[in-house]
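Peer 1: dropping a prediction and its sequence here:
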Protein chains: 2
Amino acid sequence: MSRPLVIDSVAALRAQIRDWRCDGLSVAMVPTMGALHDGHISLVRIALEKAERCVVSIFVNPTQFAPSEDLDKYPRQLARDLDRMAGAGAQLAFIPDVAEMYPAGFATRISVGGPAAGLESDFRPTFFDGVATVVAKLFLQTLPDCAVFGEKDYQQLCVVRQLCRDLDLPVEIIGAPTVRDAHGLAMSSRNAYLSEAELGVARQLNAVLHRTAAALAAGADESSATAEAGRALVKAGFDKVDYIAARESLALAPWRRNRDGRLLAAAWLGKTRLIDNVEVPSA
Amino acid sequence: MSRPLVIDSVAALRAQIRDWRCDGLSVAMVPTMGALHDGHISLVRIALEKAERCVVSIFVNPTQFAPSEDLDKYPRQLARDLDRMAGAGAQLAFIPDVAEMYPAGFATRISVGGPAAGLESDFRPTFFDGVATVVAKLFLQTLPDCAVFGEKDYQQLCVVRQLCRDLDLPVEIIGAPTVRDAHGLAMSSRNAYLSEAELGVARQLNAVLHRTAAALAAGADESSATAEAGRALVKAGFDKVDYIAARESLALAPWRRNRDGRLLAAAWLGKTRLIDNVEVPSA
């Protein structure tokens, strides 16, 4: 189990990638904000099935956090992250600081429409601009053959696909199934914020989503079913539900019963905001 | 004098570039909207001093025209353009149609701040979003080593440099001197709109700019000198002056006498809008 190379500058990253390219090696990328959990590790394993080298970036991107959000307390645990990357076989950890990513005078923003509209954007209006801009930068710094994103952040996955298609970014985007604990809770770095009692509540989110998706697939009325799901989450102990909504599974347009769908939700437990999503099979 | 390869799809473009890369050849790009004149040809010659292969793109980009502007009447003369490219030695003409560049569902926009603020943006508020987005796409389709842009569109050159720096686009941007006719008129595809009488007026633009830049360099007050230049243009026969302004020559921030500056102007002759710019030497 060898440690990954740790690189913090774009120039050194490009030099290493160039060396790999000269050796004919393919490269996959897994962009992360660190605090790596089993979900991230599954992305690395999928990356290494697709390519011979895996770059994991760790960058807590300030431009995707609103001033009121948890940028300052977002979990940072670099030594442990490097151990976990070594265990999974990732060869390179790219860990730029904010000045390397956004030098003085930085002034460019990428805005994606389509799947970025609604859902998260209704509550985090500048979030996907921040994600799209930093993902484009990471891709252009690395120029990987492919990149792996988790379905846990399902809308983000759709936005990144749209970004690459629209800007002709030559990177294949691979979506990876959400990794869950034994009780169905989706792995998330933000789960670290939860108390034991809150964990018990959080574990209801996936169950409610599954039950609602099954009801929709069986013909239930969409607005009644999602409203009922919202009430169930509050009853389970969630403090607030930002949204529960069914969408068409690719462009995230309004769901139609004869199309593959996705049921997506965001809800608050105290100061922690959790998201999750499940498939809605077509009728 | 061999004809350039004519390619209209991104897939075929990438295949040809890949072949060149396999042969170890470097690639330069000259993005144009066609209607090639001596200014464009000088860009191709500079490109071929920098790289072994030159891709000239011809795409009249609808997203950088406002509804009121001249998209429909913009000059199109493909056969003549290919002859001129052959004469200059360009090996590939990339001529995508609108559906190839903006397929159904296209939904992404790149906005550049910094040098894009003011000047052209005060009169064409969505222009540089359109330019930045299409240039990023052309670069990502082609992945050239370098690209050559004329200083005639000086603000655009600064915006493209900012775009590449901010998004880590791995393309070196080369600015090329403006090509002028014997009377100092900057070559422009839009000169084709001008009558003989209007051409006589248009040729005053560069003279007024040079005179004003010399006055600024000699210590003249900035606002008096540019106001005087505006009056001189109207007296010469221009119908309206959008702006005449001195800026710092890289970031296009307000000009300071001890920094290299640029004096930029846009003015109307009938329905034709002309732009030009000259250096303001530092004191």
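Peer 2: On my side now, so go ahead.
Peer 1: my read: residue A:87 touches residue A:40, true?
Peer 2: No: in this structure, residue A:87 sits apart from residue A:40 without contact. The criterion is C-beta atoms under 8 Å, and the distance is 11.3 Å. Where you see a C-beta, it was placed from the backbone N, CA and C, and this is true even at glycine.
Peer 1: more neighbours: which of the two?
Peer 2: A side-by-side neighbour count of residue A:87 and residue A:40, using other C-beta atoms under 10 Å in any protein chain shown, places residue A:40 first with 27 against 12.
Peer 1: list the buried residues in whichever strand or helix holds that one.
Peer 2: For residue A:40, the element it lies in under DSSP states H and E is helix A:38-50. Taking 16 or more other C-beta atoms under 10 Å in any protein chain shown as the basis for neighbour counts, the residues of helix A:38-50 that come out buried are A:39, A:40, A:41, A:42, A:43, A:44, A:45, A:46, A:47, A:48, A:50.
Peer 1: how about the helices in the stretch 1-150 of chain A?
Peer 2: Taking DSSP state H, counting those that start in this stretch to define them, one finds helices in the stretch 1-150 of chain A at A:10-22, A:38-50, A:78-88, A:98-101, A:120-123, A:127-142.
Peer 1: could you check the angle helix A:78-88 makes with the helix holding residue A:40?
Peer 2: Orientation of helix A:38-50 against helix A:78-88 (axes from the mean of the first three to the mean of the last three C-alpha atoms, to 10 degrees) gives an angle of 40 degrees.
Peer 1: which other helices and strands does helix A:38-50 contact?
Peer 2: When contacts are defined as 3 or more C-beta pairs under 8 Å, 6 or more residues apart in numbering or on different chains; DSSP states H and E, helix A:38-50 sits against strand A:27-32, strand A:53-58, helix A:78-88, strand A:146-150, strand A:172-176.
Peer 1: quick one: closest of those to chain B.
Peer 2: When these are ranked by proximity to chain B, the top entry is strand A:53-58, at 12.5 Å, counting by C-beta to the nearest C-beta.
Peer 1: same question for the closest one, mean pLDDT?
Peer 2: Strand A:53-58 shows a mean pLDDT of 98 in the predicted model.
Peer 1: please apply the same query to stretch A:80-93.
Peer 2: In this model, stretch A:80-93 has a mean pLDDT of 97.
Peer 1: name the residues of it that are buried.
Peer 2: Neighbour counts using 16+ other C-beta under 10 Å place A:81, A:82, A:84, A:85, A:88, A:89, A:90, A:91, A:92, A:93 of stretch A:80-93 among the buried residues.
Peer 1: try stretch A:124-133
Peer 2: By neighbour count with 16+ other C-beta under 10 Å, stretch A:124-133 contains the buried residues A:124, A:127, A:128, A:129, A:130, A:131, A:132, A:133.
Peer 1: now, among the residues you listed, which is nearest to residue A:199?
Peer 2: Among the buried residues of stretch A:124-133, residue A:124 lies closest to residue A:199 (C-beta to C-beta), at 23.7 Å.
Peer 1: ok, residue A:176 touching residue A:146?
Peer 2: No: using C-beta under 8 Å, residue A:176 is not in contact with residue A:146, being 11.4 Å away.
Peer 1: more crowded one of those two?
Peer 2: Just comparing residue A:176 and residue A:146: by other C-beta under 10 Å the higher neighbour count belongs to residue A:176, 20 against 17.
Peer 1: and the gap between that one and residue A:43?
Peer 2: Separation of residue A:176 from residue A:43 (C-beta to C-beta, to the nearest Å): 5 Å.
Peer 1: circling back to that earlier point, just put the helices of the stretch 1-150 of chain A in CSV and tack on distance to residue B:151.
Peer 2: Listed next are these as CSV, based on distance: least, C-beta to C-beta, whole Å:
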stretch, distance to residue B:151
helix A:10-22, 28
helix A:38-50, 44
helix A:78-88, 46
helix A:98-101, 30
helix A:120-123, 40
helix A:127-142, 26
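Peer 1: give me the common contacts of residue A:176 and residue A:43.
Peer 2: With contacts taken as C-beta atoms under 8 Å, 6 or more residues apart in numbering or on different chains, the residues that reach both residue A:176 and residue A:43 are A:148, A:149, A:150.
Peer 1: which one of those has the most neighbours?
Peer 2: The residue in the shared contacts of residue A:176 and residue A:43 with the most neighbours, by other C-beta under 10 Å, is residue A:148 (28 neighbours).
Peer 1: how far away is that residue from residue B:67?
Peer 2: 42 Å.
Peer 1: the stretch 101-250 of chain A against chain B: which residues are in contact?
Peer 2: When proximity is defined as C-beta under 8 Å from any C-beta of the partner chain, the stretch 101-250 of chain A approaches chain B at A:103, A:105-114, A:116, A:132-133, A:136-137, A:140-141, A:143, A:162-163, A:165-170.
Peer 1: now intersect those residues with the strands, please.
Peer 2: Secondary structure defined by DSSP state E assigns A:108, A:109, A:110, A:111, A:112 of those to strands.
Peer 1: who touches the strand or helix carrying residue A:245?
Peer 2: With elements delineated by DSSP H and E, residue A:245 resides in strand A:240-248, which encompasses its position. Taking C-beta under 8 Å, 6+ apart as the criterion, the residues outside strand A:240-248 that touch it are A:118-119, A:122-123, A:209, A:212, A:216, A:222, A:226, A:229-230, A:233-234, A:253-256, A:259-268, A:273, A:280.
Peer 1: okay, helices next: where are they in the stretch 151-283 of chain A?
Peer 2: Taking DSSP H, counting those that start in this stretch to define them, one finds helices in the stretch 151-283 of chain A at A:154-167, A:196-202, A:204-217, A:222-236.
Peer 1: dump the C-alpha coordinates for the shortest one into PDB.
Peer 2: These are the backbone C-alpha positions of helix A:196-202, laid out as PDB (Å, rounded to 0.1, in the frame of the first residue of the first chain):
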ATOM      1  CA  GLU A 196     -26.500   9.800  17.900                       C
ATOM      2  CA  ALA A 197     -30.100  10.900  18.300                       C
ATOM      3  CA  GLU A 198     -29.900  12.800  15.000                       C
ATOM      4  CA  LEU A 199     -28.400   9.800  13.200                       C
ATOM      5  CA  GLY A 200     -31.500   7.800  14.200                       C
ATOM      6  CA  VAL A 201     -33.700  10.400  12.500                       C
ATOM      7  CA  ALA A 202     -31.400  10.900   9.500                       C
END
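Peer 1: buried residues in that helix, which are they?
Peer 2: Residues of helix A:196-202 classed as buried: A:198, A:201, A:202 (neighbour count, 16+ other C-beta under 10 Å).
Peer 1: quick check, nearest of the residues you listed to chain B?
Peer 2: When these are compared for distance to chain B (C-beta to the nearest C-beta), residue A:202 comes out closest, at 33.0 Å.
Peer 1: and stretch A:178-188, C-alpha only, in CSV?
Peer 2: Coordinates of each C-alpha in stretch A:178-188 appear next as CSV, following Å, rounded to 0.1, in the frame of the first residue of the first chain:
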residue,chain,number,x,y,z
THR,A,178,-24.6,6.0,-3.4
VAL,A,179,-22.9,4.1,-0.6
ARG,A,180,-25.1,3.8,2.5
ASP,A,181,-24.7,2.5,6.0
ALA,A,182,-26.5,-0.6,7.2
HIS,A,183,-29.6,1.5,7.9
GLY,A,184,-29.8,3.1,4.5
LEU,A,185,-28.2,6.5,5.4
ALA,A,186,-26.2,7.9,2.5
MET,A,187,-22.6,8.4,3.3
SER,A,188,-21.8,12.1,3.6
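Peer 1: list the buried residues of it.
Peer 2: Quick answer for stretch A:178-188 (16+ other C-beta under 10 Å): A:178, A:179, A:180, A:184, A:185, A:186, A:187, A:188.
Peer 1: can you list the domain ranges for chain A.
Peer 2: Segmentation of chain A into domains, based on automatic domain parsing, reads A:5-176, A:189-278.
Peer 1: for the residue nearest the centre of chain A, give me its contacts.
Peer 2: What sits nearest the mean C-alpha location of chain A, by C-alpha atoms, centre = their mean, is residue A:153, with 3.8 Å. Residue A:153 sits next to residue A:275 when contact means C-beta under 8 Å, 6+ apart.
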